[in-house]
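**Q** pasting the sequence and the predicted model now:
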Amino acid sequence: MVAGWFAGEGDDFTLLGTRCSGCASVFFPREDSHCRNPGCGGGDLAEIPLSRRGRVWSYTDSRYRPPSPYVSDPELPWEPYTLIAVELAAERIVVLGQAIPGVTVADLTVGAEVEVVPGVLHEDGETVWTTWQWRPTGVTA
Amino acid sequence: MTGEVAVLGAGMHPWGKWGRGFVEYGVAAARAALADAGLEWREIGSIVGADTVRGGYPGYVAGATFARALGWQGARVTSVYAACASGAQAVATARAQILAGLADVVLVVGADAAPKGFFRPAGGDRPDDPDWLRFRALGATNPTYFGLYARRRMAVHGDTAEDFAQVKVKNSAMGALNPYARYRKRVTAEEVAASAVVADPLRLLDICATSDGGAALVLSSMEFARGRGVAEPVRIRAVSTVTPTYPNTVLDLPDIATDSAAAVEPAAETFRASIAHAAYEEAGVGPDDLSLAEVYDLSTALELQWYEDLGLCGEGEGAKLLREGATAPDGRIPVNMSGGLASFGEAVPAQAIAQVCELTRQLRGEAGERQVEHARVGITANQGLFGHGSAVIAVR
Ligand SMILES: [Zn+2]
């Protein structure tokens, strides 16, 4: 679904961004064609792993089923999931993602530490769509 | 200062879920604006439409669609798309044509028939579209972004759910007085608190609905207005359509991430604040000169953010300003006297035009029970997806 946005397994799982060789700007989702810094003369965009841990910038949840192209089984009752916007200190960027299943807004506070882990966005009989998810550190489930 | 244009006419089609096509709403609003201006459609030299998706047609159309429905008469035509800022860009285009001498009098029209429920991107597999991606990869609807902003305000500034509810209480009381509003019932804080959570911490009554509706303006040169015997028209003095400055470090719809500030320090003011700042600078006025403001209250919490971005108060003081009653009808700077999106809902291409319609009524002293006394200067503020700024300053 989204090629090259993340890689690795377990503790090696990371989001993948790109960095401009001309100005050191970082991009996520990855920018492969042009540096978007208006003060940059242009450089090569190289793939880099992003920090695995960050701090919660904000969070919310989705109590109603989102419309397509989000994929969910309309036969099943809607299970709300949590969304977390996470500030990565080294990259000075905020990245949105779903929380791991089971984490609710009651489990979160702004400023709390979370880490990125692999997760499943959706699966059917033929395909498993993998994604990145945020997990509060200290939670191992 | 770049010169002023006159607002000769303002007209709207009531907001609601009428189940008809956007052309009908736009034509009704256009005819109302022409009647208000005392002009015939044949006298209009240029028409600018704020775009919507035309059913069954793979594209965004507006200007020519309205021109055809009103009757082809050879006018210059323009269509503009800038998401929620489409209406402001239509006003900006009309104003530029007038100031450049390309047209004396221009009709601006925006109308839409919105889908039920959440807005969603167009169909197909389109991973090059950030709007498609946020739905596909995250299920992140518009309300989830509003929820993120609201929760952030609670954590950083100490806003409460009760503060948010009071925005709805205020705006619904004004909507109850506006015949063009979709919701004409006063809402209590208890009713907000009892409504279902949509995106924590926001509830159904904190978030604006999608609606059908239309709005139109007749704009002209000052010479044309005087020639028609309108000596002191409402005048548009500024239209801000600025883009953000890199790096944009506030998470914006429909993005999955902010720009990184790793290489470049962010500007001192946020994108939303820069939208207002550009309008103030162009008009030569400041927040202290305002009589009223119409802001895009997609959520109750977002209205509080606009107070700060418009410079009505300091950062983090939005809820305090509300609690003091400064933004209430009889306050120092009344906000959303129309009832806002809380009372109208979103009819995307029409809303920024509808905001100017409300300023026009207020500055003329024709707003009836909603009238702000001695209104002289008004601002609208709004933000369109994909980095479109929108603010209009009108004076009398
Ligand atoms: Zn660069």
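**A** In hand now; what should we look at?
**Q** am I right that B:Phe66 is in contact with B:Gly49?
**A** Yes: assessed by CB atoms under 8 Å, B:Phe66 is found in contact with B:Gly49 at 5.4 Å. Using the backbone N, CA and C atoms, a C-beta is placed for each residue, glycine as well.
**Q** single out the residue in chain A that lies closest to chain B.
**A** Distances between chain A and chain B by CB to the nearest CB are smallest at A:Thr60, namely 3.1 Å.
**Q** most distant residue from the middle of chain A?
**A** A:Gly41 (29.1 Å; CA atoms, centre = their mean).
**Q** any idea how far A:Ser21 is from it?
**A** Distance of A:Gly41 to A:Ser21, given as CB to CB, to the nearest Å: 11 Å.
**Q** then B:Ser240?
**A** 36 Å.
**Q** pick out whichever of these two has more residues nearby.
**A** B:Ser240 (26 against 13; other CB atoms under 10 Å in any protein chain shown).
**Q** so where do the helices sit in chain B?
**A** Under the criterion DSSP state H, chain B contains helices at B:22-37, B:63-70, B:86-99, B:130-133, B:142-157, B:161-175, B:189-194, B:222-227, B:271-283, B:300-309, B:318-323, B:340-344, B:348-364.
**Q** centre of the chain to the last one, how far?
**A** The reference is to helix B:348-364. Relative to the centre of its chain, helix B:348-364 is centred 8 Å away, using CA atoms, centre = their mean, to the nearest Å.
**Q** now do the second one
**A** Distance of helix B:63-70 from its chain centroid, counting by CA atoms, centre = their mean, is 23 Å.
**Q** got the residues of chain A near the ion?
**A** By CB under 5 Å from the ion, the residues of chain A that approach the ion are A:Cys20, A:Gly22, A:Cys23, A:Ser25, A:Cys35, A:Asn37, A:Cys40, A:Gly43.
**Q** burial of A:Glu9, as a residue count?
**A** 7.
**Q** what's the closest non-adjacent residue to it?
**A** A:Pro118 (6.8 Å; CB to CB, 6 or more residues apart in numbering or on different chains).
**Q** quick one: strands adjacent to the one helix or strand the one you found maps to?
**A** Assigned by DSSP states H and E, A:Pro118 falls within strand A:113-123. Each strand paired with strand A:113-123, and its direction, by DSSP bridges: strand A:53-62 (antiparallel), strand A:128-136 (antiparallel).
**Q** mind listing the residues bridging to the residue most central in space within chain A?
**A** Geometric centre of chain A, nearest residue: A:Gly97, 4.1 Å, by CA atoms, centre = their mean. Beta-bridge partners recorded for A:Gly97 (DSSP bridges): A:Ile84.
**Q** can you pull the contacts of it?
**A** The contact partners of A:Gly97, taken as CB atoms under 8 Å, 6 or more residues apart in numbering or on different chains, are A:Leu83, A:Ile84, A:Val86, A:Val116, A:Thr131, A:Trp132, A:Gln133, A:Trp134, B:Leu138.
**Q** what's the ChimeraX syntax to select whichever of the residues of chain A next to the ion are buried?
**A** Buried residues among the residues of chain A next to the ion (16 or more other CB atoms under 10 Å in any protein chain shown), as a ChimeraX selection:
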select /A:20,22,23,25,35,37,40,43
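**Q** just to revisit the earlier point, same list, the strands paired with strand A:113-123, but as CSV with mean pLDDT please.
**A** Putting these into CSV (pLDDT from 0 to 100) gives the following:
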stretch, mean pLDDT
strand A:53-62, 98
strand A:128-136, 95
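**Q** so where's the chain shaky on pLDDT?
**A** Assuming you mean chain A. Filtered on pLDDT under 70, chain A yields the residue ranges A:139-141.
**Q** that was the other one, I meant chain B.
**A** B:1-2, B:54-59.
**Q** which strand runs longest in it?
**A** strand B:5-16 (DSSP state E).
**Q** of the residues of chain A next to the ion, which belong to helices?
**A** With DSSP H as the criterion, helices contain none of the residues of chain A next to the ion.
**Q** can you count the residues close to B:Arg364?
**A** 17.
**Q** and it, how far from chain A?
**A** For B:Arg364, the distance to chain A (CB to the nearest CB, to the nearest Å) stands at 41 Å.
**Q** about what we covered before: please name the nearest non-neighbouring residue to the residue of chain A closest to chain B.
**A** Per CB to CB, 6+ apart, closest to A:Thr60 is B:Gly147, 3.1 Å.
**Q** now do the contacts for the one you found.
**A** A:Thr60, A:Asp61, A:Leu83, B:Val198, B:Ala199, B:Asp200, B:Pro201, B:Leu202.
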